[in-house]
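Trainee: The sequence and its predicted three-dimensional model are supplied below.
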Amino acid sequence: MSAPTRVRMVRSSSPEETHAWGVRLGRLLQPGDFVGLVGDLGAGKTHLVRGVAEGAEVARAEVASPTFAIVYPYRGRIPLYHADLYRLADYDELYATGFLDLVGGDGALLVEWLDKIPEAAPRAFLRLTLREVGEDARELVAEAWGERPTELLDAWLPENR
Ligand code: ADP
Ligand code: MG
């Protein structure tokens, strides 16, 4: 895979801080945006997604942890699709779910466990890697490939801190 166009790193010291980042990102998302989330169990992927959903004006009650379905559609300011690739074996299985029809469509996609099937990502996308670095501390590495994801990342996390 080619080097990302832009990389930013931030640290969170609480679940609330991670949530707040999500809210900021959710306010910026546009139809067609693809955000992959990578990180071990408990890294904070779902936490971040809940913040994104709030920022995209999705009713709180709608937001689930996509454990049994591959994709949960949420209705917010724009359609938001929350997917989890954890249980899928490979690209063919993903293809069969119809998920790929959503890519570049009417909404923004948030895809947990993208590293399980990296080919699921379009050419331009944002990848967020979360890592537990202490009980309440998380490190977030955000990498953008392509023009729009780079603009999105610059607007979301203006500088390394
Ligand atoms: P994942 O979806 O990556 O498995 P979750 O978001 O479901 O992770 O869970 C993250 C867990 O880590 C939650 O129990 C949360 O309270 C805890 N946590 C502690 N510190 C943080 C932090 N800074 N950011 C996010 N979650 C945190
Ligand atoms: Mg999760």
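Mentor: On my side now, so go ahead. Just so we're clear, the structure is a prediction, and the values are computed from it rather than from any experiment. Numbering: from 1, shown residues only. Ligands and ions are numbered 1, 2, ... in the order given.

Trainee: near ligand 2 at all, the lengthiest helix in the chain?
Mentor: Longest helix in the chain, counting residues (DSSP state H): helix 15-28. No. Counting by C-beta under 5 Å from the ion, ligand 2 is not contacted by helix 15-28; separation bottoms out at 12.2 Å. The way it works is simple: take the backbone N, C-alpha and C, and place the C-beta from them, glycine included.

Trainee: got the contact list for Lys116?
Mentor: Listed by C-beta atoms under 8 Å, 6 or more residues apart in numbering, the contact set of Lys116 reads Leu85, Tyr86, Leu88.

Trainee: from those residues, which ones fall inside strands?
Mentor: With strands defined by DSSP state E, no entry of those lies inside them.

Trainee: re earlier: show me what the longest helix of the chain is packed against.
Mentor: Contacts defined by 3 or more C-beta pairs under 8 Å, 6 or more residues apart in numbering; DSSP states H and E place helix 15-28 against strand 6-12, helix 45-55, strand 138-145, helix 147-156.

Trainee: Show me what the first one is packed up against.
Mentor: For strand 6-12, the helices and strands in contact under the criterion 3+ C-beta pairs under 8 Å, 6+ apart are helix 15-28, strand 138-145, helix 147-156.

Trainee: for the contacts of Lys116, which one is nearest ligand 2?
Mentor: Tyr86 (8.2 Å; C-beta to the ion).

Trainee: Give me the phi and psi angles of that closest one.
Mentor: When read as degrees, to the nearest 10, the backbone of Tyr86 gives phi -50, psi -40.

Trainee: unless I'm mixing things up, it is touching Leu114, no?
Mentor: No. Using C-beta atoms under 8 Å, Tyr86 makes no contact with Leu114, being 10.4 Å away.

Trainee: For those two, work out which one has more neighbours and name it.
Mentor: Leu114 (25 against 12; other C-beta atoms under 10 Å).

Trainee: any idea how far the more buried one is from Ser13?
Mentor: 25 Å (C-beta to C-beta, to the nearest Å).

Trainee: Can you give me the first-to-last residue distance of stretch 79-99?
Mentor: 14 Å (C-alpha to C-alpha, to the nearest Å).

Trainee: Contacts for it next, please.
Mentor: Contacts of stretch 79-99 (C-beta under 8 Å, 6+ apart): 26, 29, 31, 49, 52-53, 56, 58, 63-67, 70-74, 100, 102, 106-114, 116-117, 119-120.
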